[in-house]
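1. When you get a sec, could you give me coordinates for this:
(2 chains)
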Amino acid sequence: MTPAWILDILAALMLVVAAVSAARLGLARPWRQGAVVTDTDVSHLFMGIAMAGMLASSLTTLPNAGWEVIFALFTVWFGSRVVRDARSNGARALAGGHCAPHLVHSAAMLYMFVALAAPASGGSGMGGMGGGTAMQTLKYPTLAFVFALILIGYTIWDLDQLSGKRYSRAGASLSLAGVAAARVQPAGVPALAGAEPGTLASAAVATGDSAQAVLAKTAPAPVAPVAPAPNAAPAREAAWLRSEGITIGCRIAMGATMAFMLLIMI
Amino acid sequence: MSEVAVAGGRTAWRGRLGTEAQLAGARLDARRALQLALAAIWLLDAVLQYQSFMYTKAFGQMIAATASGNPSVIARPITWNATLVEHHLAAINTIFATIQLLIGLGIAFRPTVRLALAVSIAWSLGVWWFGEGLGGVLSGAASPLNGAPGAVIIYALLAVLLWPADRDIAAPFTAARAVGARVARGLWLVLWLSLAYFAVTPANRAPQAIHGMIAGMESGNPGWLAALDRGAASLVSGQGLAASIVLAVALVLIAVGVYLPSSAAKATLVLAIVVALMIWVFGEAFGTIMTGGGTDPNSGPLLVLLALCYWPLGSADGLNATEGKAA
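-> Next comes the predicted model:
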């Protein structure tokens, strides 16, 4: 049996992902008019909680049926986004797009909850993979294998892209920090969506322009040189927490953990 | 990123469709793509190493079994390793799995590619001896159908061929970039000729040898795969010699293929991919991953990856090869 402490470590990691996602959602201030909420944060929050419950029985929250409904909704949502994304960007939407990995994550979660077979010892519900005397297994192991392969593929791809972008963006991020911080005012306004430092830096890489040039092109109005605001440090932290790198980091952690769960439950 | 704009208590969808897809991705040339495929296989290998089966005595026994038939100088360290694993099963297996995990992630993470590839070579050589008994090469148990000459040595070979260096600027294929075309072709020739040799050893050309090997894969696999294995096994039942000769001829063709002109080389590489996939499906049953007891995906996908390393580069790829120094 895979040692329980390994499952506990992964459960803790999933809770960290859920907490980060919750913090990102909190920073978006969804209760305010014009706030911007990212769907990936919502899905990561739910997935983190669900996966922690699967890994450690003491962290179980909802019954399986509840999670099945939630992940069915996420699957439909991201499925529709992938279709629309593919219409805009073609096949690239599947490899480098944002929605396809989340579709696979959601579908894999749905599969795990639907295909979970009760352990031979007669336990009911999810109950944690390491919590019982017998390991729970999944029906249709071929599907588990296929999902695991795709998840591993996306995890590796994300890690490569993340490290590649870090390389590309090293110079730009410094000069953008103050600008991004100044633009995050008051937090939660729509401008935040268009001024994510990650987005700007990546756009700069894409076009070959300097990050400032991209900013000038995308900004609705000219931005005067800004002195660091008194609340610059918290705003910078908020911008860091809301960066694309954090989203992808969470996705890497979830993808690898999910592949692990699928394969050890075959 | 798709986002939800919450306005006045009402939820409205904000259209920023496919933004990330349109952003610049890091440059990806042919070698980097192959490195990522190798990283994915390492990661799969690592995850499999964390399976429940690996935390049972069966794992130690499996290692011990590879000592059988090897010269004592090779066998003794294997037996010592198996005993060590059995005595400290949880700790050692977790360390093994974590090393593989770090190798996989390290290859995918650009700043650590070299380090991870270097570690993977050392690790592979160690596992080839202490964990796989040199793939049965010296014991006579090696067969192309069961992963000869040891899947793990192919990991090491791939790490060498995909090393991020450019010895040959005008490399005709990716594998030649790091070691030069002559060495790369030589390595390919040795590998595939050795597989051809193993295909016709007495143990593998016996009338029921291939039948028994494929039929033995049925147990524990999903119904469709078991049925495929059953069908393939019945096809070669009593035909061990003929099947071995056909396989050996195909392997020799593949071995010399990289010395042929580009179009013929491509044909033999396609043959290599087809043979590797057939080995993976029928001989290895996907590394028995779907039985819950597979330690690794076995040699099939590695042979496919290796064949892709020798795929002739077009002019565009050649340009990428000279530009993609970071990979």
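
2. Please name the nearest non-neighbouring residue to B:Ala255.
-> Excluding the flanking residues, the one nearest B:Ala255 by C-beta to C-beta, 6 or more residues apart in numbering or on different chains is B:Trp192, at 3.5 Å. Every C-beta, even on glycine, is put in place using the N, C-alpha and C of the backbone.

3. Tell me the spacing between the one you found and B:Pro77.
-> Applying C-beta to C-beta, to the nearest Å, the value for B:Trp192 to B:Pro77 is 29 Å.

4. now swap in B:Pro301 and tell me
-> 28 Å.

5. And for B:Ala67?
-> For B:Ala67, the distance to B:Pro77 - C-beta to C-beta - is 9 Å.

6. again with A:Met258
-> 37 Å.

7. dump the residue contacts of B:Val179.
-> B:160-161, B:163, B:167, B:187 (C-beta atoms under 8 Å, 6 or more residues apart in numbering or on different chains).

8. and A:Tyr111, what element?
-> Assigned by DSSP states H and E, A:Tyr111 belongs to helix A:99-115.

9. what's stretch A:38-49 in contact with?
-> By C-beta under 8 Å, 6+ apart, the residues outside stretch A:38-49 that reach it are A:14-22, A:24-25, A:28, A:59, A:61, A:70-71, A:74, A:77-78, A:81, A:98, A:102, A:105-106, A:109, A:247, A:250-251, A:254, B:1-4.

10. Return the subset of these lying in helices.
-> If you go by DSSP state H, those have A:14-22, A:24-25, A:28, A:70-71, A:74, A:77-78, A:81, A:102, A:105-106, A:109, A:247, A:250-251, A:254 in helices.

11. So how do I select the buried members of those residues in PyMOL?
-> Selection of the buried residues among those in PyMOL, burial being defined by 16 or more other C-beta atoms under 10 Å in any protein chain shown:
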select buried, chain A and resi 14+15+17+18+20+21+22+24+25+28+70+71+74+77+78+81+102+105+106+109+247+250+251+254
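
12. Please list which of the ones in helices among the contacts of stretch A:38-49 are also close to chain B.
-> A:81, A:247 (C-beta under 8 Å from any C-beta of the partner chain).

13. more crowded one of B:Trp192 and B:Pro77?
-> Using other C-beta atoms under 10 Å in any protein chain shown as the criterion, B:Trp192 and B:Pro77 rank with B:Trp192 on top: 26 against 16.

14. The more buried one sits in which helix or strand?
-> Using DSSP H and E, B:Trp192 sits in helix B:181-199.

15. what's in contact with that helix?
-> Counting by C-beta under 8 Å, 6+ apart, B:137, B:142-144, B:148-149, B:154, B:157, B:160-161, B:168, B:171-173, B:175-176, B:179, B:204-205, B:244, B:247-249, B:251-252, B:254-256, B:258-259, B:272, B:306, B:309-310 sit against helix B:181-199.

16. and the next element down the chain from that helix?
-> Per DSSP H and E, the first helix or strand lying C-terminal to helix B:181-199 is helix B:202-205.

17. In the helix or strand just after that following helix, which residues are buried?
-> Moving toward the C-terminus from helix B:202-205, the next helix or strand (DSSP H and E) is helix B:209-215. By neighbour count with 16+ other C-beta under 10 Å, helix B:209-215 contains the buried residues B:209-211, B:213-215.

18. what distance separates whichever helix or strand comes after helix B:209-215 from the centre of its chain?
-> Following helix B:209-215 in sequence order, the next helix or strand is helix B:223-235 (DSSP H and E). Distance of helix B:223-235 from the chain centroid (C-alpha atoms, centre = their mean, to the nearest Å) equals 23 Å.

19. Check which helices and strands the helix or strand following helix B:223-235 is in contact with.
-> Next along the chain after helix B:223-235, taking DSSP H and E as the criterion, comes helix B:240-257. Judged by 3 or more C-beta pairs under 8 Å, 6 or more residues apart in numbering or on different chains; DSSP states H and E, the packing partners of helix B:240-257 are helix B:181-199, helix B:202-205, helix B:209-215, helix B:262-278.

20. looking at those, which is closest to B:Ala227?
-> Closest approach to B:Ala227 among those is made by helix B:209-215 (12.1 Å; C-beta to C-beta).
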